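> Everything below, folded, please.
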Amino acid sequence: MICAGRRHLVRTLADLAAQQGVQLQSYLNAGHHKKAGHPAPISSKGARTLLYDADQVGAYLTGRPVPPLRSEDDDQDHDDDDLLDRREAAAVLGVAPRSWDIYKRHPLLTEHVTDAGGVEHWPRGIVHRYRDTRPGRSTATGRPTGSGDQVPRDELLPRTAPLLTADPAITAAAVVDALAVSRNTAQHALTRLRADRIADLVMERPELSPADAAVALGYPAALVRRATVRAAAVLRARRAGAYLDDVAAAVHHAGWTTEAAPDVQHPADDLVVAVLVLDAAHAPAPALVWDERHGWRTATSRRHPLARGAALPPQGDGVRYLATGTTPPPAALIAALSA
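Sure thing, here's the model as predicted:
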């Protein structure tokens with residue numbers, strides 16, 4: 001912590017070396033800053049860049065008593081103008097520093113960020129204001145107890161995508177903190193986004209496997225097992241896209257649907273299905289479902305054409321398996337529906 005009004009006194013190790021007339025590496029090799037009685041850093045514990053207070057260092061070098069400074073751990077009242085680094089700001093919010101790296105892009109924080117010794121800092125009062133106004137502030141997880149997700153479903157992926165772009169290794173817990181959604185919701189969004197980006201890279205560079213693409217994108221192996229499985233399914237869906245579009249066009253031409261495009265889904269991460277709702281009054285079935293494992297079948301519901309958990313329904317009671325093979329010609333499918 002940099003105490004209020006002392007930013008101009010911040011010194012780096014390079015500054016201390018220059019003060020003593022030596023090169024930085026020589027200063028570090030000699031361990032001058034580690035000698036008994038040398039003032040402790042004012043930067044947070046674990047910080048990569050060590051910062052010191054010039055008054056304290058000057059007193060030490062001249063043999064005078066080192067004046068005490070307030071620290072973040074003191075019980076004394078803190079000042080709203082104290083400057084906090086990322087670790088200290090994260091501690092105020094009760095989150096990991098990596099989560100703070102996401103939060104700091106909020107306009108309130110970007111407006112008040114300041115550089116001290118090459119390290120970003122934020123005024124304590126601004127950090128408190130952000131903490132007290134951010135969504136889901138009533139719990140440490142960023143999601144009020146007993147509440148639903150705070151992000152509408154159609155906004156979830158657009159709002160998660162920038163977080164993943166900023167930090168490819170982001171965890172579901174960090175997304176929970178940032179967006180005030182449930183952990184399952186956050187995990188599902190990350191899996192979908194990572195899978196799509198892995199598939200995009202494989203299509204751009206066909207020599208890569210999904211696992212290779214995940215590494216190239218900076219996704220930790222421990223976080224992307226499901227995403228790489230889903231990416232393989234996304235690639236299969238894209239390869240089947242032209243065929244599914246041809247079927248949709250044939251069904252539309254037959255006058256059974258007003259929709260000319262299939263709804264491709266992944267009810268399980270390793271499975272591709274497509275749905276065509278037959279919304280014409282004279283259509284031979286409420287909907288058609290294509291399953292990459294078993295081909296085409298009719299469904300008994302327009303609203304819920306897929307069985308729970310992508311289960312394969314038995315034939316009968318309005319369910320018919322159509323034509324043969326997984327990709328019958330559109331004309332053969334139309335003939336089977338008309339029979």
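> Would you state the helices of the stretch 151-300 of the chain in chain order?
All helices of the stretch 151-300 of the chain, identified by DSSP state H, counting those that start in this stretch, fall at 153-166, 172-179, 183-204, 210-216, 225-253.
> list the buried ones in the third one?
By neighbour count, and taking 16 or more other CB atoms under 10 Å as the criterion, the buried residues in helix 183-204 are 185-202. Using the backbone N, CA and C atoms, a C-beta is placed for each residue, glycine as well.
> picking that back up, so of the helices of the stretch 151-300 of the chain, which one's packed in deepest?
Mean neighbours per residue, mean count of other CB atoms under 10 Å, is largest over these for helix 172-179, with a mean of 23.
> other SSEs contacting that one?
helix 97-103, helix 153-166, helix 183-204 (3 or more CB pairs under 8 Å, 6 or more residues apart in numbering; DSSP states H and E).
> Now render these as CSV, adding mean pLDDT and distance to residue 48.
Below are those laid out as CSV (pLDDT from 0 to 100; distance: least, CB to CB, whole Å):
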stretch, mean pLDDT, distance to residue 48
helix 97-103, 84, 11
helix 153-166, 88, 19
helix 183-204, 93, 27
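> chain center to stretch 18-38: distance?
41 Å (CA atoms, centre = their mean, to the nearest Å).
> now it: mean pLDDT?
For stretch 18-38, the mean pLDDT works out to 93.
> okay if I get the helices and strands packed on helix 172-179 as a markdown table plus distance to residue 245?
Shown next, in a markdown table, are the helices and strands packed on helix 172-179 (distance: least, CB to CB, whole Å):
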| stretch | distance to residue 245 |
| --- | --- |
| helix 97-103 | 38 |
| helix 153-166 | 23 |
| helix 183-204 | 17 |
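> And the residue lying farthest from the centre of the chain, what's its pLDDT?
Distance to the chain centre peaks in the chain at residue 63, reaching 51.5 Å (criterion: CA atoms, centre = their mean). With respect to pLDDT, residue 63 scores 94.
> Which strand or helix spans it?
Remark: residue 63 resides in no helix or strand, with elements defined by DSSP states H and E.
> That one and residue 37: what is the separation?
10 Å (CB to CB, to the nearest Å).
> among the helices and strands packed on helix 172-179, which is nearest residue 132?
Comparing the helices and strands packed on helix 172-179 by their distance to residue 132 (CB to CB), the top pick is helix 97-103, with 13.2 Å.
> Give me the next element, helix or strand, following that closest one.
On the C-terminal side of helix 97-103, the nearest following helix or strand under DSSP H and E is helix 107-112.
> How about the helix or strand just after that following helix, which residues are buried there?
Of the helices and strands lying after helix 107-112 in sequence (DSSP H and E), the nearest is strand 114-116. Neighbour counts over strand 114-116 (16+ other CB under 10 Å) mark residue 116 as buried.
> Name the strands paired with strand 114-116 and say parallel or antiparallel.
Strand 114-116 sits in its sheet next to strand 119-123 (antiparallel), going by DSSP bridges.
> List the buried residues of the helix or strand following the strand it pairs with.
Next helix or strand after strand 119-123 toward the C-terminus (DSSP H and E): helix 124-133. Within helix 124-133, the residues that qualify as buried by neighbour count (16+ other CB under 10 Å) are 124, 126, 127, 128, 130.
> cool, and stretch 60-72?
Going by neighbour count (16+ other CB under 10 Å), the buried part of stretch 60-72 is 60, 66, 69, 70, 72.
> Show me the two of those that sit farthest apart.
Farthest apart among the buried residues of stretch 60-72 by CB to CB are 60 and 72. That separation is 21.3 Å.
> quick one: least confident helix or strand in the chain?
helix 97-103 (a mean of 84; mean pLDDT, DSSP states H and E).
> who's in contact with it?
For helix 97-103, the surrounding residues in contact (CB atoms under 8 Å, 6 or more residues apart in numbering) are 86-87, 89-90, 93, 95, 109, 130, 134, 163, 166-167, 169-171, 173-174, 177-178.
> Alpha carbons of it, as PDB, please.
Extracted in PDB, the C-alpha atoms of helix 97-103 (Å, rounded to 0.1, in the frame of the first residue of the first chain):
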ATOM      1  CA  PRO A  97      -5.900 -11.200  -8.000                       C
ATOM      2  CA  ARG A  98      -6.700 -12.800 -11.400                       C
ATOM      3  CA  SER A  99     -10.400 -11.800 -10.900                       C
ATOM      4  CA  TRP A 100      -9.300  -8.200 -10.200                       C
ATOM      5  CA  ASP A 101      -7.500  -8.200 -13.600                       C
ATOM      6  CA  ILE A 102     -11.000  -8.600 -15.100                       C
ATOM      7  CA  TYR A 103     -12.700  -6.100 -12.800                       C
END
